[in-house]
Structures are given as C-alpha cells and as structure tokens.
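[1] no FASTA, just this:
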C-alpha cells in the first residue's frame, strides 16, 4: 500500500506583522504632491503612470513623482516618498 504525505504550503512568518491605523485621506488631491511607488514588478510602472495621468486630469495642480523600489522596496525609498509626498500610491503587477 502507498503512503500519501500531505504538506502544508503555508510558510512561517519571519517576524511579527506590524499593524497600523489607516492613513488619513485628504478631501481633495488639488495642489498636492503625489508619490507613486513601483516595486519594479513587470507592468507596475505602466499601471502607476496611468494612475498618475488619470489623477492629473481629475485634480488641479497635482505634481507626480515616480519612486522605484524593489522587492521588498527599501525603507529609504518608502521614507523618501513619504517625506516628499502628500499622498503615496503603491503598486505591484505582473
């Protein structure tokens, strides 16, 4: 008789998850600095570029900066985006 071995494909966490509150949302993006953080996955930059174009059409005087990260995105890149931007949008894509 054959023996069937079942494995659990869930990996263990390397560290405890950090839980934070939801970031405050501005009433409008008019005149704000928008940071777009791309983790360098294929297609993510195209998605973020399109998001930036659409937001520029919908809101007045929005300035947009694209930040290139990685997997994972270095803390220095996230810190820079947070410091230089009023609102930050991140994306991953395939």
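    Done, it's in. Since this is a predicted model, take the numbers as computed values, not measurements.

[2] Would you map the strands across the protein?
    Using DSSP state E, the strands of the chain run over 33-38, 63-68, 87-91.

[3] what about the longest helix in this structure?
    In terms of residue count, the longest helix belonging to the chain (DSSP state H) is helix 44-58.

[4] Buried residues in it, which are they?
    44, 45, 47, 48, 52, 55 (16 or more other Cβ atoms under 10 Å). Every residue, glycine included, has its C-beta placed from N, CA and C.

[5] how far away is the first one from residue 20?
    Translated: residue 44. Relative to residue 20, residue 44 is positioned 23 Å away (Cβ to Cβ, to the nearest Å).

[6] now the angle between helix 44-58 and the least confident helix or strand in the chain by mean pLDDT, please.
    Taking mean pLDDT, DSSP states H and E as the measure, the chain has strand 87-91 as its least confident helix or strand, at a mean of 89. Here the directions of strand 87-91 and helix 44-58 differ by 140 degrees (axes from the mean of the first three to the mean of the last three Cα atoms, to 10 degrees).

[7] nearest to residue 37, of the buried residues of helix 44-58?
    residue 48 (7.9 Å; Cβ to Cβ).

[8] Now do the same for that closest one: its pLDDT.
    As predicted, residue 48 sits at a pLDDT of 92.

[9] pLDDT at the residue lying closest to it once chain neighbours are set aside, what is it?
    Nearest in space to residue 48, with sequence neighbours left out and distances taken as Cβ to Cβ, 6 or more residues apart in numbering, is residue 36 at 4.2 Å. Note for residue 36: predicted pLDDT of 96.

[10] count of residues packed around residue 36?
    The number of residues packed near residue 36 is 24, by other Cβ atoms under 10 Å.

[11] Next, count neighbours for the nearest residue to residue 51 once chain neighbours are set aside.
    Among residues not flanking residue 51 along the chain, residue 89 sits closest, at 6.1 Å (Cβ to Cβ, 6+ apart). With neighbours defined by other Cβ under 10 Å, the count for residue 89 comes to 17.
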